[in-house]
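Engineer: build me a model:
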Amino acid sequence: MNIRKNPFKTLDRCFYDLSLKYKILIVIFSGFFILFLSGLATMAFTSRSYEKRLYQSIAASMTYAASDISSQLQSVDSIIDSILASQVIQTNLEEMKELEQGSQRQIYNTRIYNELSGYLFAFQNDSISYMSIIQDQEIISTSLSSFMEVPYQLRSSLIARAQSREGATTVVPDFGSQYGIFIVKELRKIDKLSLEPLGVLIISLNPAALTETAVSSHSDYDDMSCLLFDGDALIYNGSTLSDRQAVELSKDLSGDYGIEKAGKETLFAVRGKIPLYDWDYISTVSYSSVYKTVTLSGRLFLLIMVAALAVVSYLAVKVILAIFYRFDRLMENMKSFGEGNYQVPEAPRKYQEDEIGLLYKNFDSMVEKIQTLIQENYVNEILKKEAQLKAMESQMDPHFLYNTLESINWRAKMIKSEEISQITTALGSLLRFSLGKNSEDFTLDQEMQIVNNYITIQKIRYQRRLDFSADVPSDLLGVFIPKFTIQPLLENAIRYGLEESSETCYISIVCREVLGLLIIRITNTGSSFEENCMEKLQSGEIQPHGFGIGILNIHRRLQLTYGEPYGLLLYNIEDEETYEECAVAEIRIPCKKKE
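Structural biologist: Residues are numbered from 1 along each chain as shown. Below you'll find the model as predicted:
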């Protein structure tokens, strides 16, 4: 059965088997290739971003232009409404309709003409070419010559379309590229809402004036052109394209914007809508110069990348060879060391500060330390043996010490020296507890025996200057506590509260159980703790001194035994009777009792 090998695993194995220098070269060239692809992607993204920015700029300009076009068309609607509501036009059209001919009819004609001219100048709409009112065969126009240039068939068609809409305003953009955009409306009598037809109003709009004024006032591009469409029908062509090319451009432009070819010219086209009217506009700017710039930039980028690849390849090879020369020397030194040559290799004049220099320095330091350890190992072993022998020679049986203290106690009783007897008895008990090996099941009862023996000795020494009291409930005597936890705190209280003061030192021990905790407070007068004393001891700001078990060691031993939440607290309180500041060392440990 043939098992096909995974080609990726084979390539992976080949890569890991390569020399490190070739791996680095592969990584460098791979990174350069990724950089090259990233550059191409960046150029494409930049080009797309430019197109989008160009679209946004043109679209923003054309939005304002389209709003202006819509506003101009709305102003024409306002003119139409004003003409319809004009009492002069209504009255004179009605009078003209009743007269067949004569000078009076000419007077009515003149009045209507003056009224139309007044509206034309009052609204100041440059896009209006002329306004005309037709009643039967009578034509009243602000520019009769321009109106008569419109073919008779087209004029008849406009009148018929207006009459068919029965008074509704109708926009006729079909002939915009030749004769302009027409807005037609049948004027009807509004007096007493008779709605009797009085004539037809025809307003001709110049699409070039309508469009170019709005575009030029809002565009930042000198070569921007505008096309107007009503569906697929071309209303106005303001570009250099032929009407056929303009229609093809509208069909080819599928989205909101795009780059389109029109003959030999490349155009950037943007499509939009005229607000309130179902017309489309396409705005175009020349894109040929930008296209040439993008093409030139792409070729220049390729040339720069090829040149950069050559330079990077040369420098990479030179640098890697220089680096790996130092690696090769270091590997030779390691190989020599592995073969048993423990001599310190010849160090360079100055270690370099890079990673390879640190490897050299650390390797040489390691070799030197190993050589020193090898040379000193024999001496250390000899000294160790001698120390063990001396320790064995100096060992003394604890029973000899107990028997000696017992002899002193017996002799003190013989001479009736009660104090010496008490001291020797207490000291013997302390020695027995100190040399005892059982510290795991040590209880508060045993700890208080140590305290009582220690206080017995100190009371004989200080007499009335030491006033000691203890309040330990009997139900707490079975609680487990590390050996020699309270006695060092008593020693500390006596040292700072009694030895450095001539006043009586009051020391008290109070034990309580609170929420599963054993709380032991050792309070003394005559001294006080610094603020944040424990934190300063832990940080080294305060250096402990003395020959016994230090406060910091007690705190650490409690936390190692029971955990971080437990330990020793140091603070000060004010005595309720003397208002003297007292030092308090408070022990907090779990209250675990002996079963």
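Engineer: looking at this protein, which helix or strand is least sure?
Structural biologist: Across the helices and strands of the chain, the lowest-confidence element by mean pLDDT, DSSP states H and E is helix 398-414, at a mean of 56.
Engineer: in the stretch 101-250 of the chain, which spans are strands?
Structural biologist: Remark: strands assigned in the stretch 101-250 of the chain by DSSP state E, counting those that start in this stretch are 128-135, 138-141, 170-172, 181-188, 197-205, 225-230, 233-237.
Engineer: now render those as a markdown table, adding distance to S474 and mean neighbour count.
Structural biologist: Every C-beta, even on glycine, is put in place using the N, C-alpha and C of the backbone. As requested, the strands of the stretch 101-250 of the chain are exported to a markdown table (distance: least, Cβ to Cβ, whole Å; neighbours: other Cβ atoms under 10 Å):
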| stretch | distance to S474 | mean neighbour count |
| --- | --- | --- |
| strand 128-135 | 116 | 22 |
| strand 138-141 | 127 | 19 |
| strand 170-172 | 111 | 17 |
| strand 181-188 | 114 | 23 |
| strand 197-205 | 114 | 23 |
| strand 225-230 | 106 | 23 |
| strand 233-237 | 111 | 20 |
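Engineer: so Q72 makes contact with L210?
Structural biologist: Yes: Q72 lies in contact with L210 (Cβ atoms under 8 Å); the separation is 5.9 Å.
Engineer: can you give me the neighbour number for L359?
Structural biologist: Neighbourhood size, L359 [other Cβ atoms under 10 Å]: 15.
Engineer: just K251 next, same as before
Structural biologist: 8.
Engineer: where in the stretch 451-595 of the chain is pLDDT low?
Structural biologist: Counting by pLDDT under 70, the stretch 451-595 of the chain contains low-confidence ranges at 544-549, 595.
Engineer: ok, now the stretch 201-350 of the chain?
Structural biologist: Residues of the stretch 201-350 of the chain that meet the cut-off, pLDDT under 70, sit at 220-221, 288-292, 294, 339-350.
Engineer: picking up where we left off before, will you turn the strands of the stretch 101-250 of the chain into TSV that also has distance to K459?
Structural biologist: As requested, the strands of the stretch 101-250 of the chain are exported to TSV (distance: least, Cβ to Cβ, whole Å):
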stretch	distance to K459
strand 128-135	123
strand 138-141	135
strand 170-172	120
strand 181-188	122
strand 197-205	122
strand 225-230	113
strand 233-237	119
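Engineer: which among those is found nearest to G357?
Structural biologist: strand 225-230 (68.6 Å; Cβ to Cβ).
Engineer: helices or strands next to that closest one in the packing?
Structural biologist: helix 207-218, strand 233-237, helix 243-252, strand 280-286 (3 or more Cβ pairs under 8 Å, 6 or more residues apart in numbering; DSSP states H and E).
Engineer: ok, now with 10 Å
Structural biologist: helix 20-85, helix 207-218, strand 233-237, helix 243-252, strand 265-273, strand 280-286 (3 or more Cβ pairs under 10 Å, 6 or more residues apart in numbering; DSSP states H and E).
Engineer: which one of the strands of the stretch 101-250 of the chain lies closest to A41?
Structural biologist: Of these, nearest to A41 by Cβ to Cβ is strand 225-230, at 33.2 Å.
Engineer: what about the closest residue to Y454 other than its chain neighbours, how many neighbours?
Structural biologist: With sequence-adjacent residues excluded and distances taken as Cβ to Cβ, 6 or more residues apart in numbering, Y454 is closest to Q487, at 5.3 Å. Residues within reach of Q487, counting by other Cβ under 10 Å, total 21.
Engineer: Q72 and L210: who's more crowded?
Structural biologist: Shown here are Q72 and L210; by other Cβ under 10 Å, L210 has more neighbours (26 against 20).
Engineer: residue contacts, that one?
Structural biologist: L210 makes contact with 68-69, 72-73, 76, 125-128, 176, 180-181, 226, 228, 235-236, according to Cβ atoms under 10 Å, 6 or more residues apart in numbering.
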